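A.B. asks: quick one: sequence and predicted model below, then my questions.
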Amino acid sequence: MKYHLRNITIALAAVVATGSCQKVLDKDNLTAVDPTMVWSNVKIASAYLDEIYANLMPDNPYGTGNDTDEGVAYQKQTNDWFVGTATFDSNDDFDVYKNIRSINTLLGNIDKATFGQADKNTIKGQALFWRAWAYHRLVSAYGGVPLILEAQAPTSDLSQLQKPRNKTSECVTQIVKDLDDAIALLPESFTGEDVGKIDKGAAMAFKGRVLLFFASPLFNGLNGVASWQKAYDANLAAKQFLDTHGKGLYSPYSKIWDDKLNKEVVMVRRHSYPQDTYFQGGLIPLNWSADDVGADKPSLELVNAFPMKDGSAWDAMPRLYDTLFRNRDDRFYANIYYNGAPNQYLQGMRDENTYLWTYFNTVSDYDSPVGIEGDHNQVTSDPLWSNSSFYRIKAIDKNINKSQVWQASVDWIEIRYTEVLMNLGECANEVGKSGDALDVLKQIRSRASILPGSGGNYGIKATSQEQIREAYKKESFVEFCFEGRRWNDLRRWKMFGYLNALPQRHGLGIALKPGQTGAVGNPKADINVIWNQFTYTVIPTDKQNFALKDQYYIYGIPKKVLDGNPLLTQNNNWGGGFDPLQ
């Protein structure tokens, strides 16, 4: 589904449609449409729905790695959550109710529409999905919220609009109901300009994600509302449906983001130049970028997490960082750019016929208040270098230059087949199907070109339920890095203790040894030959040690939201009387 940049204004209550999949909308004058017409014209009703898509469909995460252990920020920046100074005002996502109102308006009118039943079903199914999506966004963050399932009539008496919070279990029950109703109405697939709209497979996959989240230790199943068995059943149904519709693991891993609409894609935000592009400047080195710096630079913790080619862990034996790039699994090379990596993944690198070099000629301070300081190499003259010495590769548009960093057009895959498979495997382990859980891990590792080994275990040593559970945490860390999943995974697994024990993220300070020349005069020097010309020093990258509090697992209701609705009660982990775990 493509979101055109041309604004389309519709004179309707609570709707301004900014894009459409229907080409005819680029021709019609919609600036003076009578509100009653929207439910008699499928094209205008679809334009209404497009605005909901534009507001709620996720896009390429930008800087989310900075707020997890995946990445490091520029110059020792650490968020309030990590250093323990966050408050209930540090997270406010309640504006999503504006979208819920638009969805409720659609749902309240679509059955009365005068166009065909098939079109009504398709539009209604998508709207139900997005209501479930919006409520999951709220409930996964705060616990139970007021369930508003009908568009409230405008009134000057705001007290008439105020509602108390529903239990978390009631909200999750409604989310699942909306998804079940959506699945029953949605088509099995879309074609042409409509590819990218939510179809049956996407809704089934999201249902599996929702139930997995609430079955996990953070919400612990909500007394059976989201049991591991229900999560297993939902993910199994999603996998079976996707299998019969040509979905599966796409190989090679490195091409998942480059080859649009491959069989891995389940839920996707489409991008195309010039209709719908986005900014990727801060994700790539400043030499070939503009306007931003320091987003999603891989941490040493992430780099260390990638397995070796034989499936063993990096830390399974003593290793030196001078050859960290040797014999890793394929996902390492598809995600991590390291000093001198022989991968010209950016158009600017190809134009200049160079690799990216992150070393310093000399280092004056490995641990200054702003990070590493020294004389940076001038082969890659980036004045605002990565604080970890690594760069992200995943989902980068490899075909635009410095003047085009606002024109990135890589499709964002919000749900891919691997997630459905991994969700199923994680649930399988929790319901006693350890063999099935291990088989999923083997499939994932096989696609990453990890060697099967003599026992065909792909380096997996886990046998008990607890060991397999830990194996899934580690596999998810590398498989889904920089896909915007990590923070919620850390929350649902209740892993703040792990973060506090780090107690900071780290990078590498790479310095040229005296008398060596590095890549001077040869910007495509072979790192496999000159690796020993550098020293490698582990450096901390945060302004202070982590001090995450357990109360942060579920956010507090912001003060302005509480002030606007006296019927709301604050969460008990933030000093109130509402139990978000019920």
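C.D. replies: Structure received. As the structure is a prediction and not an experimental result, all values here were calculated from the model.
A.B. asks: all strands for the stretch 251-400 of the chain, in order.
C.D. replies: Along the stretch 251-400 of the chain, counting by DSSP state E, counting those that start in this stretch, strands occupy 265-269, 297-298, 336-337, 360-368, 371-376, 391-392.
A.B. asks: may I see the buried residues of stretch 554-569?
C.D. replies: Residues of stretch 554-569 classed as buried by neighbour count (16 or more other CB atoms under 10 Å): 554-558, 561-562, 565, 568. Every residue, glycine included, has its C-beta placed from N, CA and C.
A.B. asks: same thing with stretch 342-354?
C.D. replies: By neighbour count with 16+ other CB under 10 Å, stretch 342-354 contains the buried residues 343-349, 354.
A.B. asks: can you tell me the closest non-neighbouring residue to the spatially most central residue of the chain?
C.D. replies: Within the chain, the residue whose C-alpha comes closest to the C-alpha centroid is Gly484; the distance, by CA atoms, centre = their mean, is 2.1 Å. The shortest distance from Gly484 to any residue that is not its chain neighbour, by CB to CB, 6 or more residues apart in numbering, is 3.7 Å, and that residue is Pro61.
A.B. asks: give the contact list for that neighbour.
C.D. replies: 296, 482-484 (CB atoms under 8 Å, 6 or more residues apart in numbering).
A.B. asks: 7 Å instead, please
C.D. replies: Pro61 is in contact with 482-484, counting by CB atoms under 7 Å, 6 or more residues apart in numbering.
A.B. asks: next, give phi and psi for it.
C.D. replies: Dihedral angles of Pro61 (phi, psi; degrees, to the nearest 10) stand at phi -60, psi 140.
A.B. asks: against Leu147, how distant is it?
C.D. replies: Per CB to CB, to the nearest Å, Pro61 is found 28 Å from Leu147.
A.B. asks: equivalent analysis for Ile527, please.
C.D. replies: Per CB to CB, Ile527 is found 56 Å from Leu147.
A.B. asks: ok, Gly521 next?
C.D. replies: Taking CB to CB, one finds Gly521 at 66 Å from Leu147.
A.B. asks: which of the two has more neighbours?
C.D. replies: In this view Gly521 and Leu147 are compared by other CB atoms under 10 Å, and Leu147 has more residues nearby, 17 against 8.
A.B. asks: OK, contacts around the more buried one?
C.D. replies: Under the criterion of CB under 7 Å, 6+ apart, the neighbours of Leu147 are 166, 170-171, 174.
A.B. asks: could those be laid out in a markdown table, adding neighbour count?
C.D. replies: As requested, the contacts of Leu147 are exported to a markdown table (neighbours: other CB atoms under 10 Å):
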| residue | neighbour count |
| --- | --- |
| Asn166 | 19 |
| Glu170 | 16 |
| Cys171 | 25 |
| Gln174 | 17 |
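A.B. asks: which of these lies closest to Tyr391?
C.D. replies: Lowest distance from Tyr391 to the contacts of Leu147 (CB to CB) belongs to Cys171, with 39.7 Å.
A.B. asks: just give the nearest non-adjacent residue to the closest one, would you?
C.D. replies: In space, Cys171 is closest to Val139, 4.6 Å off (CB to CB, 6+ apart).
A.B. asks: and Pro580, by the same measure?
C.D. replies: Nearest residue to Pro580, sequence neighbours excluded (CB to CB, 6+ apart): Gly143, at 2.4 Å.
A.B. asks: can I assume Asp367 is in contact with Asp542?
C.D. replies: No. No contact is recorded between Asp367 and Asp542 when judged using CB atoms under 7 Å, the distance being 10.9 Å.
A.B. asks: the two: who's more crowded?
C.D. replies: Comparing Asp367 with Asp542 by other CB under 10 Å, the one with more neighbours is Asp542, at 22 against 13.
A.B. asks: that one: what secondary structure?
C.D. replies: Under the three-state scheme (DSSP: H, G, I helix; E, B strand; the rest coil), the conformation of Asp542 reads as coil.
A.B. asks: which residues touch it?
C.D. replies: Contact partners of Asp542, counting by CB under 7 Å, 6+ apart, are 76, 78, 504-505.
A.B. asks: pLDDT and neighbour count for those - can I get that in TSV?
C.D. replies: Output for the contacts of Asp542, formatted as TSV (pLDDT from 0 to 100; neighbours: other CB atoms under 10 Å):
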residue	pLDDT	neighbour count
Lys76	91	20
Thr78	93	20
Gln504	97	20
Arg505	97	29
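A.B. asks: residues contacting Pro540?
C.D. replies: Pro540 makes contacts with 367, 504, 506, as judged by CB under 7 Å, 6+ apart.
A.B. asks: run the chain-centre distance for stretch 402-412.
C.D. replies: Computed by CA atoms, centre = their mean, to the nearest Å, the chain-centroid distance of stretch 402-412 equals 18 Å.
A.B. asks: tell me the mean pLDDT for that stretch?
C.D. replies: Rounded to a whole number, the mean pLDDT of stretch 402-412 is 95.
A.B. asks: other residues contacting it?
C.D. replies: By CB under 7 Å, 6+ apart, the residues outside stretch 402-412 that reach it are 58-60, 257, 260, 268-273, 277-281, 288-291, 348, 395, 397, 400.
A.B. asks: what subset of those residues is buried?
C.D. replies: In the contacts of stretch 402-412, burial by neighbour count holds for 58, 60, 257, 268-271, 277-281, 288-289, 348, 395, 397, 400, counting by 16+ other CB under 10 Å.
A.B. asks: just the residues you listed: which are in helices?
C.D. replies: Secondary structure defined by DSSP state H assigns Gly348 of those to helices.
A.B. asks: tell me the angle of the strand or helix carrying Cys427 relative to strand 265-269?
C.D. replies: Secondary-structure assignment from DSSP states H and E places Cys427 in helix 417-430. Put simply, helix 417-430 runs at 120 degrees to strand 265-269, going by axes from the mean of the first three to the mean of the last three CA atoms, to 10 degrees.
A.B. asks: helices or strands next to helix 417-430 in the packing?
C.D. replies: Using 3 or more CB pairs under 7 Å, 6 or more residues apart in numbering; DSSP states H and E, the elements in contact with helix 417-430 are helix 200-215, helix 228-244, helix 434-447, helix 465-479.
A.B. asks: go again with 10 Å.
C.D. replies: Under the contact criterion of 3 or more CB pairs under 10 Å, 6 or more residues apart in numbering; DSSP states H and E, the helices and strands touching helix 417-430 comprise helix 200-215, helix 228-244, strand 265-269, strand 412-416, helix 434-447, helix 465-479.
A.B. asks: okay, that helix in PDB with CA atoms only?
C.D. replies: As requested, the backbone C-alpha atoms of helix 417-430 are provided in PDB (Å, rounded to 0.1, in the frame of the first residue of the first chain):
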ATOM      1  CA  TYR A 417       7.600 -14.900   8.800                       C
ATOM      2  CA  THR A 418      10.500 -15.500  11.100                       C
ATOM      3  CA  GLU A 419       8.700 -13.700  13.900                       C
ATOM      4  CA  VAL A 420       5.700 -16.000  13.500                       C
ATOM      5  CA  LEU A 421       8.000 -19.000  13.500                       C
ATOM      6  CA  MET A 422      10.000 -17.800  16.500                       C
ATOM      7  CA  ASN A 423       6.800 -16.900  18.400                       C
ATOM      8  CA  LEU A 424       5.500 -20.400  17.800                       C
ATOM      9  CA  GLY A 425       8.800 -22.000  18.900                       C
ATOM     10  CA  GLU A 426       8.900 -19.900  22.100                       C
ATOM     11  CA  CYS A 427       5.300 -20.900  22.900                       C
ATOM     12  CA  ALA A 428       6.000 -24.600  22.100                       C
ATOM     13  CA  ASN A 429       8.800 -24.600  24.700                       C
ATOM     14  CA  GLU A 430       6.400 -23.300  27.300                       C
END
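A.B. asks: identify, by residue count, the longest helix of this structure.
C.D. replies: Longest helix in the chain by number of residues (criterion: DSSP H): helix 117-142.
A.B. asks: and that helix, how far out from the chain middle?
C.D. replies: Between the centre of helix 117-142 and the centre of its host chain there is 19 Å, according to CA atoms, centre = their mean.
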